[in-house]
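>>> Sequence and predicted model, in that order:
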Amino acid sequence: MISRLALGLTRREVRETMTDWRLLLPMGTLALLFPGIMVLGMHIGLPYVSQIDPALAENKASLFGAIMSAFFPTSFSLIIALESFAGEKERNTLEALLATPISDSELFVGKFLAVMIPPILLCALGLSVYTLGAIFIVHIHVPTEFLVLAFLLGVMQALTMVAAAVVVSSQTASVKAANLLASFIIIPVALVVQSEVLLMLAGYGQVLWLVLIEFALLTVALLRLGIRVFNREDILTRENDEFRWSDVRAKVLTVWSQLPVSAFASTPPAPFSLVRLFARDIPQLAGLYRGPALMVVGTLLVGVVIGVGFAHEHPLRLPGLDMTQLAGTVSSTGDLGKITPLDIFSHNLRTVALGGLLSVFSFGVAGLVIVVLTGGSIGFFAGQAALNGLDVPQFVLAFLAPHGVLELPALVVAGTLNLWMGMCLITLPKGHSLGDGLLVALVHWAKGAALFVPLLAVAAMLEIWVTPGVVRAVYGGH
Amino acid sequence: MIQARHLVKRFGSFTAVHDVTFEVAPGQILALLGPNGAGKTTTIRMLASLLRPSGGSATIADFDTVEQPEQVRRSVGLLTELPGLYGRMTAEAYLAFFGGLYPISASRRTANAEALLTYFGIWEHRARPIGSYSKGMRQKVALARALLHDPQVILLDEPTSAMDPASAKSVRDYIAGLRRAGRTILMCTHNLAEAETLADTIAIIKHGRVVAHGSATGLKRQLLGDPQYEVRLGQPLGSTPDFDTLVTVEAYGDTWLRYRTPTPEVTNPALVKRLVDSGAQVVSLQPVGQSLEAVYLHMVEEPAA
């Protein structure tokens, strides 16, 4: 239920937007002119295209036009959102609003609705112009399902951009800084829109419903994050966007010296030592991240199942498979033999670090990708071994167990910390900034690295120096 | 009633407000004085539940600023340091919008807005966009916004800044009226004469600490010593009467005498009588050198403790 105060705020802001000609002019242009251009382009181009593929106009080009007509007007939501949050802070009008009894969540909801209403109206207007133009000028029928899909995609993309803009705005002190950061929103969304078009042209239009669901999930995550980081104190006291290495260094050192359980509390730093790291910090991290760790283990198992399923879908029939020869190849001095433990270790470490980095931008999803790929490859090879009549437990014990006994736990630890690098943003304790959350996650990642990096190093040595010997011992060969 | 108890506010390693304690009773005005960056606005923001104190506590109209922020904000009227108005709205629409955020009826909101705008001389301009107003008019609209819901506690950050003398006087009169109506008022100002005229108590804040607190008269006496007076004579005295038993003489010349006394209401008439009795022509007797400005400069120019 939306409160009276939030609706009052929404009314005021919508009126402000809809009576400002500096906003109305570009919004009207996007909603009327671009769909008009789309219609004109189709009117001129489709007769030529129809000579090559008569069905193209009806099935693909019309959807393409609908997607674009819906996207252009909604792209304006980003500007309104940045203006509504960072702009109001910059014009010093926010403090008076914050001093009223309106709560943080009412303020957030009121502004969010106010930012969403004009783009939704424009999206509907743009699509209407396009549809009418398509029917009466181009003389093609745009299927209703396409129109609904294009409208929903446009609205959902606007929601995602606005939710992201709120997060960006609340972390900056000026419109200028917010606009710069907004590039990180508009560029990925524009890329997704291009992908949507490619999917549609390739004949996978139905996949766009999945894209819609993906945007919805992303919006929920961003809204949750927005509500978490939206607090009046942080908005009021953020005076400048100056970046100081000395401040970052001091914060990192403080969080590093704190025990993981008190990372967000303002407790004084405790003396740090290597003994403390392994005796207290890492056990505390294990307790704190029990949930994400279970998710990682679950994802690994799901990966194995997917891998087995994939093996059955794409079986590699190897009638003359000679395991003795294969065992010999594994330990040969050929190209394979040139791989060193350092190569394996650095590859694994790079993969883990990249997963952590990408996890930040994907709310943890990228952190799970390496886990599911690892599980998938284990499942795939085990599946192929089964399909070729090999003893699967023996195969796994010989090829995986010697180094996997360390590499898999290391992967679970690293995967958990990677997952948290993204999840920390949506589970941020109230009153803490994005920077606080990321900093704590990064420091915990570094502490956890004290465990998984040595495990990966030893696993790499075992993989090169021990696993081939075990394979030879089990299957024979030289 | 405003109660601040050992308020502390830290921003990272910087302490903006350090152990600030004071109390303002209903029908009283406390003036918070101090140089720019002393922590006045941060204190006001903590009292208005905009900032969470790092230490200590505060209550506004018996509501805790941390535990009951929404009740606090309902009870407080805050005039922010910068007016922060929506320039494209008319004053009438602006006050209607802000009034709608408080639990007061529409009819009372409209009546209050009309009364405030009329008092501040803006009623005739109410249909114009605020962006077209002068600085002083904008400040008055901001003040009207703060007072619209008839709050029990009023926090004013620079209430007469950017106003011409006549407007400033009308605002001061209005504030004095609010005091008479039993409102609890805290105001930050750089206008020392205004503080002396309006405030019952004065707190001087420097580097986030309250370095002096009391009535204007009490502070002057405490920091500058007993009140100082200067008497001027029409002609030199033939013989100097013995004043030392009456006052503490600071300096004197042929036709003037400067002295201090803890009880001017008793000693000044006695001194004048003694001078007249000794044949002197008393031209004037007036207090010297003990303005609030002297107190303020004495405190803010002292090295921090």
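Perfect, thanks for sending it.
>>> use CA for all of it now, contacts and neighbours both
Fine.
>>> What ranges does the stretch 151-300 of chain B have for its strands?
Here the stretch 151-300 of chain B has its strands, by DSSP state E, counting those that start in this stretch, at B:153-157, B:184-188, B:201-206, B:209-214, B:228-233, B:248-252, B:256-260, B:282-287.
>>> for the residue of chain A found nearest chain B, phi and psi?
Of all residues in chain A, residue A:93 sits closest to chain B, at 4.0 Å by C-alpha to the nearest C-alpha. The phi/psi pair for residue A:93 (degrees, to the nearest 10) reads phi -100, psi -10.
>>> That one contacts residue B:86, correct?
Yes: counting by C-alpha atoms under 8 Å, residue A:93 touches residue B:86, with 6.9 Å between them.
>>> low-confidence ranges in chain A?
Scanning chain A for pLDDT under 70 picks out the ranges A:1, A:57-59, A:238-243, A:266-269, A:319-324, A:327-337, A:430-431, A:477-478.
>>> tell me the domain boundaries of it?
Domains of chain A are assigned by automatic domain parsing as A:4-237, A:274-475.
>>> okay, the ones you listed in JSON lines with mean neighbour count next?
Output for the domains of chain A, formatted as JSON lines (neighbours: other C-alpha atoms under 10 Å in any protein chain shown):
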{"stretch": "domain A:4-237", "mean neighbour count": "20"}
{"stretch": "domain A:274-475", "mean neighbour count": "19"}
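>>> Which residues of the stretch 201-350 of chain A lie near chain B?
A:232-233 (C-alpha under 8 Å from any C-alpha of the partner chain).
>>> same thing but 10 Å
Contacts of the stretch 201-350 of chain A with chain B, taken as C-alpha under 10 Å from any C-alpha of the partner chain, map to A:231-237, A:247, A:251, A:266.
>>> Among those, which are located in helices?
Secondary structure from DSSP state H places A:232-237, A:247, A:251 of these in helices.
>>> can you tell me which of the residues you listed lies nearest to residue A:411?
Of all these, the one sitting nearest residue A:411 is residue A:251; the distance, using C-alpha to C-alpha, is 28.3 Å.
>>> show me what contacts that closest one?
A:245, A:257, A:436, A:439-440, B:12 (C-alpha atoms under 10 Å, 6 or more residues apart in numbering or on different chains).
>>> How many neighbouring residues does the residue in the stretch 1-150 of chain B that chain A sits nearest to have?
As assessed by C-alpha to the nearest C-alpha, chain A sits closest to residue B:84 within the stretch 1-150 of chain B, at 4.0 Å. Neighbour count of residue B:84, defined by other C-alpha atoms under 10 Å in any protein chain shown: 21.
>>> Please identify the buried residues of the longest helix belonging to chain B?
Looking across chain B with DSSP H, the single longest helix is helix B:165-180. Buried residues in helix B:165-180, counted by 16 or more other C-alpha atoms under 10 Å in any protein chain shown: B:167-168, B:171-172, B:175-176, B:178-179.
>>> does residue A:384 really touch residue A:312, like I thought?
Yes: with contact defined as C-alpha atoms under 10 Å, residue A:384 reaches residue A:312; the gap is 7.6 Å.
>>> distance from the centroid: which residue in chain B tops it?
For chain B, the residue at maximal distance from the C-alpha centroid (C-alpha atoms, centre = their mean) is residue B:238, at 47.3 Å.
>>> And chain B, what are its domain boundaries?
Split by automatic domain parsing, chain B gives B:2-221, B:228-288.
>>> So which of those domains is the most surrounded?
Comparing the domains of chain B by mean neighbour count (mean count of other C-alpha atoms under 10 Å in any protein chain shown), domain B:2-221 ranks first with a mean of 20.
>>> quick one on the thing from earlier: with adjacent residues omitted, what lies nearest to the residue of chain A closest to chain B?
Using C-alpha to C-alpha, 6 or more residues apart in numbering or on different chains and skipping residues adjacent in sequence, the residue nearest residue A:93 is residue B:84, 4.0 Å away.
>>> next one: phi and psi at that neighbour?
According to degrees, to the nearest 10, residue B:84 has phi 60, psi 60.
>>> show me what contacts it?
By C-alpha under 10 Å, 6+ apart, the neighbours of residue B:84 are A:88-97, B:138-139, B:142.
>>> So the residue farthest from the centre of chain B is in contact with residue B:280, correct?
Yes: with contact defined as C-alpha under 10 Å, residue B:238 and residue B:280 form a contacting pair (8.6 Å).
>>> quick one on the thing from earlier: now what about the longest helix of chain B, what contacts it?
By C-alpha under 10 Å, 6+ apart, the residues outside helix B:165-180 that reach it are B:26-29, B:116, B:119-121, B:136-137, B:140, B:143, B:147, B:150, B:152, B:154, B:156, B:159-163, B:181, B:183-185, B:187, B:194-195, B:197-199.
>>> Which ones among those map onto helices?
Counted as lying in helices by DSSP H, out of the contacts of helix B:165-180, are B:116, B:119, B:136-137, B:140, B:143, B:147, B:194-195, B:197-198.
>>> ok, back up a step: reformat the domains of chain B into TSV and put mean pLDDT next to each item.
What follows is those, written out as TSV (pLDDT from 0 to 100):
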stretch	mean pLDDT
domain B:2-221	93
domain B:228-288	86
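>>> Between the contacts of residue A:251, which sits nearest residue B:242?
residue B:12 (61.9 Å).
>>> where's that closest one relative to residue A:264, distance?
Distance of residue B:12 to residue A:264, computed by C-alpha to C-alpha, to the nearest Å: 14 Å.
>>> Spatially nearest residue to residue B:76, not counting backbone neighbours?
residue B:153 (4.9 Å).
>>> distance of that neighbour from chain A?
Distance, residue B:153 to chain A, using C-alpha to the nearest C-alpha, to the nearest Å: 13 Å.
>>> still on that earlier bit, next, format the domains of chain A as TSV and append distance to residue B:54.
Output for the domains of chain A, formatted as TSV (distance: least, C-alpha to C-alpha, whole Å):
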stretch	distance to residue B:54
domain A:4-237	12
domain A:274-475	13
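>>> Of those domains, give the one that comes closest to residue B:8.
Closest approach to residue B:8 among these is made by domain A:4-237 (14.9 Å; C-alpha to C-alpha).
>>> got the end-to-end distance for the closest one?
End-to-end for domain A:4-237, by C-alpha to C-alpha: 28 Å.
>>> what separates it from the chain centre, distance-wise?
Centre-to-centre, domain A:4-237 and its host chain are 19 Å apart (C-alpha atoms, centre = their mean, to the nearest Å).
>>> ok, now stretch B:68-84?
Centre-to-centre, stretch B:68-84 and its host chain are 18 Å apart (C-alpha atoms, centre = their mean).
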